[in-house]
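# here is a sequence together with a model predicted from it:
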Amino acid sequence: MSLAGTSFTFQDANDDGKISKDEYYSTLSDAGVYSDWDLDNDGFINETEFDEVGFDYDFATWDVDDNNYLDAGEIYDSYYDTYDDDESGHWNVGEWDDAGDEGYFDV
C-alpha cells in the first residue's frame, strides 16, 4: 500500500467524516511506515533516521520520553497532533489535506 494513493475517504473507515487516531494508525501500520523508517531495524527511530525521512520537525519535541529514540507511538501521535489544528482528536478533510501537502504521504 502506498500512502500517496490513500484518500481521506479510504482512511475514514467508519464514514463519519473524520479520521480518528485508530483509523490513522491502522493505515500507517498496514503500509509499514515505521519499519521503513527504522533503517537499522532495532525497533526504534533515532535522530539520524528521523532526519533521513526529511521532515522539518524537532526530534526532541517528538521524543516525549526523552530517551533519544522514537517508538511508533511517539512518531504517529506527534505527527497526528501536528495536523490536528482544532485539537478535536480527529482530522477533518482540511487537516488531512494539510498533512498531505507537507509531503508526508509521499514518503
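All right, it came through fine.
# now stretch 54-71: buried residues?
Of the residues in stretch 54-71, 55, 59, 62-63, 69-71 count as buried by neighbour count, 16 or more other CB atoms under 10 Å. From N, CA and C alone the C-beta is placed, and that goes for glycine too.
# and the least confident of those residues?
Least confident of the buried residues of stretch 54-71 in the model: Phe55, at 72.
# tell me which element it is part of?
Phe55 belongs to no helix or strand when assigned by DSSP states H and E.
# now it: how far from Gly17?
With distances taken as CB to CB, to the nearest Å, Phe55 is found 28 Å from Gly17.
# where does the chain have low pLDDT?
1-5, 101-107 (pLDDT under 70).
# where exactly do the helices run in it?
8-11, 21-31, 33-37, 47-53, 59-62, 72-83, 93-101 (DSSP state H).
# go through those and pick out the most buried.
helix 72-83 (a mean of 17; mean count of other CB atoms under 10 Å).
# which strands and helices sit next to that helix?
In terms of contacts (3 or more CB pairs under 8 Å, 6 or more residues apart in numbering; DSSP states H and E), helix 72-83 is packed against helix 21-31, helix 33-37, helix 59-62, helix 93-101.
# pull the distance from the last one to the chain's centre.
Read that as helix 93-101. 12 Å (CA atoms, centre = their mean, to the nearest Å).
# likewise for the third one?
For helix 59-62, the distance between its averaged C-alpha position and the chain's averaged C-alpha position is 14 Å (CA atoms, centre = their mean).
# what residues does that helix touch?
47, 50-51, 66, 70, 74-75, 78 (CB atoms under 8 Å, 6 or more residues apart in numbering).
# which ones are touching the closest residue to Tyr24 other than its chain neighbours?
In this structure, Tyr24 finds its nearest non-sequential neighbour in Tyr80, 5.7 Å apart by CB to CB, 6 or more residues apart in numbering. Contact partners of Tyr80, counting by CB under 8 Å, 6+ apart, are 21, 24, 91.
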